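*Asks:* give me the fold of what follows.
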Amino acid sequence: MKKSIVLFLTLSCLTLSSCNSSNIAATKSAGSYLISVNELQFILANSADKVMANPEIGNITVLDFSTFPPQKTNIADVPCSVTGPPTGVAITPDNKLALVSASMKINPTDKTSQLTDNRVTVIDLETKTIINTLTVGNKPSGISITQDGKTALVCNRNDGTITALKITDKKVTVSKTVKVTEPETSLSHVVIAPGDKYALATLNQDNAVIKIQLKKGVPTKVTQKITVGTGPYCLDINPDGQTAIAANVGGNNVTVLDISSDEIKVTDTIQTEMLSEGLDISPDGQWAVVSSMGYSMRKPDDPQRKDHGQLFLLQKVNNTYKGVQIINTDRVGQAAVFTPDSKYVVTSSFESRRLRIYELKQVRLVDTGIIIDVPGQPCALRIAQ
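*Replies:* As a prediction, the model looks like this:
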């Protein structure tokens, strides 16, 4: 593990002329950390899908939303990859640690190709330093942490397994790896229900979500398999424990699940756009956002190419959600996440290497004009769950 850590601390109302920072007063909020994972290995835009000419180890950007605009700190030398859902980072409930998965790495004997990785990096958010690197399963992707902060679950896509990590203060160790599906189903992301009694996980190539029983945070058995849309990737559970949403990257939609009883049921399908990778339910449980790349990844000479992605705002109504707004946003936007106070939404643009902040006003998202440059291609975005 490389020990060199580079820190840059700035105030994040920066960069473009559209950011009228003089009109935005700094205000205190009840917020905390939001992390962007930024990779420097693979070109995803313009249908290129190839290793960069001079690939490097990635980094993370930590945004501190205890004030607004947030403060920004970059931490270098964090292995990461765009391969997988934009949920390859998790923050402990006490905001002391971050865990970042690395699903792919550069082939050391051929720097124009990649190999699967098996690492999770542990970062101390108080000192802003890397404190450990763990070996888990093959191609680790989505990560989530239990409400009690004692266990993290990591999806190993190429193995069909979940690795449970034990968290004791700032010490993180591998506890147990449990097989929950076959490797070909492409286990992608896992989320833990309130109460830490069970988790839900997406099977991207099996068009399904599985319910996994937990004992002290560790998977014990799969108790149900639910068919959803085509290619479920991201998944989130409402804090009220009554509903969940799965984003289907191949189906141009999201699936709403009723999880209020032991038997989970599909209750609704909401149309979005092609490649709806990013999904997040607000901490107050009243809203959800879906980020779709659509045709913004196409080559410049492709007649179907669009110069924007799309952001969908959904409002919770009873046991489902309804679409209330569609916004054209930056190209190749993989993720969208609410801030911890549910007042803002942060979106990422893999191509332009920047984050954009929207403010939630009544039933509309309004662009604040705040754009935050990050030192890499943002491939994952999360707050403490």
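*Asks:* low-scoring stretches of the protein, by residue?
*Replies:* For the chain, the stretches with pLDDT under 70 are 1-31, 45-48, 295, 297.
*Asks:* quick one: residues contacting the spatially most central residue of it.
*Replies:* Central residue of the chain (Cα atoms, centre = their mean): T87, 2.6 Å from the mean position. Contact partners of T87, counting by Cβ atoms under 8 Å, 6 or more residues apart in numbering, are S141, G142, I143, S144, H189, C234, A380, R382. Every C-beta, even on glycine, is put in place using the N, C-alpha and C of the backbone.
*Asks:* got the buried residues for stretch 133-147?
*Replies:* By 16 or more other Cβ atoms under 10 Å, the buried positions in stretch 133-147 come out as L134, V136, G137, K139, P140, S141, G142, I143, S144, I145, T146.
*Asks:* and these, which of them are in helices?
*Replies:* Under the assignment DSSP state H, those contribute nothing to helices.
*Asks:* mind picking the two most distant members of these?
*Replies:* Greatest spatial distance in these: K139 and T146, 22.7 Å, computed using Cβ to Cβ.
*Asks:* about what we covered before: inside strands: which ones of the buried residues of stretch 133-147?
*Replies:* L134, P140, S141, G142, I143, S144, I145 (DSSP state E).
*Asks:* isn't the second one up against L165?
*Replies:* Same thing as P140. No - using Cβ atoms under 8 Å, P140 makes no contact with L165, being 10.5 Å away.
*Asks:* between the two, what contacts are shared?
*Replies:* V120, V154.
*Asks:* what lines up beside the strand or helix carrying N54 in the sheet?
*Replies:* For N54, the host element (DSSP states H and E) is strand 50-64. Partner strands and pairing direction for strand 50-64 (DSSP bridges) are strand 33-43 (antiparallel), strand 71-76 (antiparallel).
*Asks:* any chance of these in a markdown table, with distance to L200 and mean neighbour count too?
*Replies:* What follows is the strands paired with strand 50-64, written out as a markdown table (distance: least, Cβ to Cβ, whole Å; neighbours: other Cβ atoms under 10 Å):
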| stretch | distance to L200 | mean neighbour count |
| --- | --- | --- |
| strand 33-43 | 22 | 24 |
| strand 71-76 | 30 | 20 |
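*Asks:* distance of the closest residue to the residue nearest to the centre of the chain other than its chain neighbours from T243?
*Replies:* Closest residue to T87 apart from its sequence neighbours, by Cβ to Cβ, 6 or more residues apart in numbering: G142 at 4.3 Å. The gap separating G142 from T243 is 19 Å, by Cβ to Cβ, to the nearest Å.
*Asks:* tell me the spacing between the residue nearest to the centre of the chain and S261.
*Replies:* Separation of T87 from S261 (Cβ to Cβ): 26 Å.
*Asks:* rewinding a little: nearest to F312, out of the strands paired with strand 50-64?
*Replies:* strand 33-43 (19.8 Å).
*Asks:* any idea how far that closest one is from the chain center?
*Replies:* Mean-position distance between strand 33-43 and its chain equals 10 Å (Cα atoms, centre = their mean, to the nearest Å).
*Asks:* one more: stretch 38-55?
*Replies:* With Cα atoms, centre = their mean as the basis, stretch 38-55 stands 19 Å off its chain's centre.
*Asks:* only alpha carbons, please: show it as PDB.
*Replies:* C-alpha atoms of stretch 38-55 as PDB (Å, rounded to 0.1, in the frame of the first residue of the first chain):
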ATOM      1  CA  ASN A  38     -12.600   9.700  -8.300                       C
ATOM      2  CA  GLU A  39     -10.900   7.200 -10.700                       C
ATOM      3  CA  LEU A  40      -8.000   7.800 -13.000                       C
ATOM      4  CA  GLN A  41      -7.700   4.600 -15.100                       C
ATOM      5  CA  PHE A  42     -10.600   4.200 -17.500                       C
ATOM      6  CA  ILE A  43     -12.200   6.300 -20.200                       C
ATOM      7  CA  LEU A  44     -16.000   5.900 -20.200                       C
ATOM      8  CA  ALA A  45     -17.200   8.800 -22.300                       C
ATOM      9  CA  ASN A  46     -17.800   8.900 -26.000                       C
ATOM     10  CA  SER A  47     -18.200   5.100 -26.200                       C
ATOM     11  CA  ALA A  48     -14.400   4.900 -25.700                       C
ATOM     12  CA  ASP A  49     -14.400   2.200 -23.000                       C
ATOM     13  CA  LYS A  50     -10.600   1.900 -22.700                       C
ATOM     14  CA  VAL A  51      -7.700   2.400 -20.300                       C
ATOM     15  CA  MET A  52      -6.300   5.900 -20.100                       C
ATOM     16  CA  ALA A  53      -3.000   6.700 -21.700                       C
ATOM     17  CA  ASN A  54      -1.300   7.300 -18.400                       C
ATOM     18  CA  PRO A  55      -3.400   5.600 -15.700                       C
END
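*Asks:* can you list contacts of that stretch?
*Replies:* By Cβ under 8 Å, 6+ apart, the surrounding residues in contact with stretch 38-55 are 56-61, 80-83, 104-106, 111-114, 297-300, 302, 331-332, 350-351, 353, 374-379.
*Asks:* filter those down to the ones in strands?
*Replies:* If you go by DSSP E, the contacts of stretch 38-55 have 56-61, 104-106, 111-114, 377-379 in strands.
*Asks:* just the buried ones from those residues?
*Replies:* Buried subset of those (neighbour count, 16+ other Cβ under 10 Å): I57, G58, N59, I60, T61, M104, K105, I106, Q114, Q377, P378, C379.
*Asks:* and the residues you listed, which two are the farthest apart?
*Replies:* The largest separation in those, counting by Cβ to Cβ, is between T61 and Q114 at 22.9 Å.
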